[in-house]
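**Q** predicted model follows, preceded by the sequence.
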Amino acid sequence: MAKKESTFISMVFTLFLVTLFASAALALVYEATKEPIAEAKRLKKMNAIGEVVPDFDNDPGVEVKKLGMGKDTLYFYHARMGDSVTGIAVETYTYTGFSGLVKLMVGFRPDGSIHNISVLEHAETPGLGDKMIREKSFDKKTGLSWSSQFEGKDPQEYLLKVKQDDGDVDAITAATITSRAFCDAVQRAYDGLQEIDGTEEQKSE
Amino acid sequence: MGLITVSPSPHDHSSESVPKLMYGVLIALLPAFLVSVYIFGIGTLIVTATAVISCVLFEFLIQKYLLREKSTVKDGSAVITGVLIAFCLPSNLPIWLVILGSLVAIGIGKMSFGGLGNNPFNPALVGRVFLFVSFPVQLTNWPEPLTNRMVYLDATTGATPLALMKEGMKNGESITSILSDIPAYIDLFLGKMGGSAGEIAAIALLLGLAYMLVRKIITWHIPASILLTVAVFTGILWMVNPDKNPDPVFHLLSGGLMLGAIFMATDYVTSPMNVKGMWIYGIMIGIITVIIRVFGSYPEGVQFAILIMNAFVPLINKYIKPRRFGERLEDG
Amino acid sequence: MSQWKNFSKGFFKENAVFVLLLGLCPTLGVTTSAFNGLGMGLATTFVLVGSNIVVSLIKSFIPDKVRIPSFIVIIASFVTIVELVMQAYVPDLFAALGLFIPLIVVNCLVLGRAEAFASKNNLVTSAIDGLGMGLGFSMALTILGAVREILGSGSIFGFKFIQGDGMIVFILAPGAFFALAYLVVIVNKINKKQA
């Protein structure tokens, strides 16, 4: 079969056809996957929230509060059982990680103490800094991981600083910088929570 | 500059003198070894013996069964690699890690490239950096000097002066208050500090340097250029802001700088062949070391600096060739 | 060349990673675990088969001077399809592979097969070539991922067999080079013996 000659018309025409078919195919796939992608993202967020707050029966993704703090924004997700708030999940961040940005989801109980913490995004060193992720430092014998030490602590009396800085937190061995960043992010979540609560009280007054 | 540059050639490449030079280096390492045994006790003996035996054994096994070539174990280079690995490891390191480091040094660092003379990187440093990156927790667990010398793997551990300095600076403490936690300079000079087995005593390492210079095993250019560069660079930082930067004496006496500058950077195979090249090599090692120590996240950088500059040695050798006898300067 | 030979050449004799050393960017980048390697390999296989089929179908309609742009558009479309589908149905794997999925577009292996093979052969032969090359690539990535995971994390396909960590260097970038280098040595040795 002889190859088609490369005239201006034939080249433009061919490229036009190729791109036309390509974009048509992409449009079809995009339409077909739009719903599942949105669903997958929602599920991921729900899982992250569900991990860090006590039981709830509402959809915390619906009621979101935002608060600009520092370089970035904190997001607050309220988890409710019936009418009462069972916990608040705070999406928080820090830029002081060993490799910069670390994003956490910190769950607070209504009394302000920490329920649980999960890591959303990070680039810390494998085997060192990534021990802040529950699965990476989980000890089968004790059933505890590094971040367990935060559970049930009230940041008002529990100083969110590593012991080297005269705080109450045991740093990850050989990953003090990551541990500091972790504390920084949790502290920011707590500060944000106080601020949000403050404004709410003012509103209700 | 004269028209003809005559390069001193300290490297006698005839085969029968290789073992002679290697055993000369071993004698030069002896003072540091003795000091280390005095300071850290039995741990140094165990780690050094393990490293030497496993380096020699791995070289022998790889040459006999994998490469099927004539064994070069007797030239002593594997023994030196073993001693140097042990010298830059904590003396309370678990034995299996010492063996693994020796395997990496000989297997990856040396034999993969074709054995002695063909390896671009210092094998001992390859092993040490491999361990350091792979097992950061165990590799930053330093034994306290002069305590529990009769037990191996004891529990009392402390930080090195460099680690204390880095930690203190991160917390914004002033230099004077950090220095009060660090042994006095005379102790650093004599080796009474936490650190890797063989890097602690500046005086013993300098003694080794003197021996090697007298015996003409190495020339003075590489150690001098590294130490001078570190002194000048940290001196400038210190003069600019003495509250934020420790003085050059501290930098010279702490960490693995002396060990690296005297015994590791001067490895024949992985260092430049002529004086001009040696200066460039040494100055760059000094600069990179200080950059990592002062601005990097690791407290010590001399091992990385030497490995980085090892990679540049072929380039340096290529572009800074000694002019051949009778060759004319082109425009000069 | 028989179709069987055409299919099997991608595994050893012309393995993209171990012999041709093509597509090293994803090879070194994503193989921190066997599962990631397998996922990346299969995604690439899909793109490879798809683009090989389409290119061999339309090869006679494409003027020579615009064939590379046309191929790239076709490949990029398949990559975007993979990206969207993975995002929808395997979001965790997609998150792990991240940037490397869109980068399949610039994988030399894919354009290389389109240009050097599919544009000269018929549909069936091209499809089989794409499948063989793709599965060979997947095999290489899975082996490399498995080696790195075993040594680096002490686990295989996520199943942990030691307590604690492995040699962390193997899940960092330098470990990828170490592991790949020694695998290339072994595969070359095997190929030499067979030849």
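**A** Sure thing, it's come through. Computed from a prediction, not measured in an experiment: that's the story for all the values here.
**Q** could you report the neighbour count for C:L151?
**A** Neighbours of C:L151 under the rule other C-beta atoms under 10 Å in any protein chain shown: 18. Quick note: C-beta positions are derived from backbone N, CA and C, even for glycine.
**Q** point me to the residue sitting closest to the centre of chain C.
**A** Of all residues in chain C, the one closest to the mean position by C-alpha atoms, centre = their mean is C:F137, 3.8 Å from it.
**Q** what's near enough to touch that one?
**A** Residues in contact with C:F137, defined by C-beta atoms under 8 Å, 6 or more residues apart in numbering or on different chains, are C:G10, C:N15, C:A16, C:V17, C:G23, C:G41, C:T44, C:T45, C:L48, C:L109.
**Q** for those, which one is nearest chain B?
**A** Nearest to chain B among these: C:V17, at 19.3 Å, using C-beta to the nearest C-beta.
**Q** where's the residue nearest to C:D165 when sequence neighbours are not counted, which helix or strand?
**A** Ranked by C-beta to C-beta, 6 or more residues apart in numbering or on different chains and with sequence neighbours excluded, the top spatial neighbour of C:D165 is A:G127, at 4.5 Å. Per DSSP states H and E: A:G127 is located in neither a helix nor a strand.
**Q** check C:P69 too.
**A** helix C:67-89.
**Q** hang on, the earlier thing: report the secondary structure state of the residue nearest to the centre of chain C.
**A** helix (DSSP: H, G, I helix; E, B strand; the rest coil).
**Q** what's the closest non-adjacent residue to it?
**A** C:A16 (4.7 Å).
**Q** how far away is the one you found from B:F295?
**A** Counting by C-beta to C-beta, to the nearest Å, the separation of C:A16 from B:F295 is 41 Å.
**Q** dihedrals phi and psi, the residue in the stretch 51-200 of chain B that chain C sits nearest to?
**A** With C-beta to the nearest C-beta as the measure, B:S134 is the residue of the stretch 51-200 of chain B nearest to chain C, at 3.9 Å. Taking degrees, to the nearest 10, you get phi -80, psi -40 for the backbone angles of B:S134.
**Q** same deal with C:F11?
**A** Torsion angles, degrees, to the nearest 10, at C:F11: phi -90, psi -50.
**Q** hmm, it is touching C:L135, no?
**A** Yes. Applying C-beta atoms under 8 Å as the test, C:F11 and C:L135 come out as touching, 7.2 Å apart.
**Q** ok, back up a step: what residues are up against the residue of the stretch 51-200 of chain B closest to chain C?
**A** Listed by C-beta under 8 Å, 6+ apart, the contact set of B:S134 reads C:G166, C:M167, C:I168, C:V169, C:F170.
**Q** so which of the residues you listed also contact chain B?
**A** The overlap between the contacts of B:S134 and the neighbours of chain B (C-beta under 8 Å from any C-beta of the partner chain) comes to C:G166, C:M167, C:I168, C:V169, C:F170.
**Q** okay, now the sheet partners of the lowest-mean-pLDDT helix or strand in chain C, with direction.
**A** The helix or strand of chain C with the poorest confidence is strand C:159-160; it has a mean of 78 (mean pLDDT, DSSP states H and E). Applying DSSP bridges, strand C:159-160 is found paired with strand C:155-156 (antiparallel).
**Q** let me see the mean pLDDT of the partner strand.
**A** Averaging pLDDT along strand C:155-156 gives 82.
**Q** how is chain B carved up into domains?
**A** What automatic domain parsing lists as the domains of chain B is B:18-139, B:160-192+B:216-319.
**Q** the ones you listed: which one's closest to B:L205?
**A** For B:L205, the closest of these is domain B:160-192+B:216-319, at 4.3 Å, according to C-beta to C-beta.
**Q** between the two ends of that closest one, how far is it?
**A** The first and last residues of domain B:160-192+B:216-319 sit 39 Å apart, counting by C-alpha to C-alpha, to the nearest Å.
**Q** so who does residue 132 touch?
**A** No chain specified, so I'll use chain A. When contacts are counted by C-beta under 8 Å, 6+ apart, A:M132 is found next to A:V102, A:V119, A:H122, A:E124, A:W146, A:S147, A:I172, A:T178, A:S179, A:F182.
**Q** that's the wrong chain, I wanted chain B
**A** B:L139, B:Q303 are the contacts of B:F132 under C-beta under 8 Å, 6+ apart.
**Q** helices of chain A, residue ranges please.
**A** Remark: helices assigned in chain A by DSSP state H are A:8-52, A:176-204.
**Q** list the buried residues in the shortest one.
**A** Same thing as helix A:176-204. A:176-193, A:196 (16 or more other C-beta atoms under 10 Å in any protein chain shown).
**Q** that one near chain B at all?
**A** Yes. Helix A:176-204 reaches chain B (C-beta under 8 Å from any C-beta) through A:T176, A:I177.
**Q** now for that helix, which elements pack on it?
**A** Judged by 3 or more C-beta pairs under 8 Å, 6 or more residues apart in numbering or on different chains; DSSP states H and E, helix A:176-204 is in contact with strand A:64-69, strand A:72-81, strand A:84-97, strand A:100-108.
**Q** lowest average pLDDT across these?
**A** strand A:64-69 (a mean of 79).
**Q** residue numbers of chain C in contact with chain A?
**A** Contact residues (C-beta under 8 Å from any C-beta) of chain C with chain A: C:32, C:58, C:60-66, C:69-70, C:73-74, C:76-77, C:80-81, C:84-85, C:87-89, C:91, C:152-153, C:163, C:165-166, C:168, C:171-172.
**Q** residue contacts, the residue lying closest to B:G198 once chain neighbours are set aside?
**A** In this structure, B:G198 finds its nearest non-sequential neighbour in B:F87, 2.5 Å apart by C-beta to C-beta, 6+ apart. For B:F87, the contacting residues are B:L29, B:A32, B:F33, B:S36, B:T48, B:S196, B:A197, B:G198, B:E199, B:L259, B:F263, by C-beta under 8 Å, 6+ apart.
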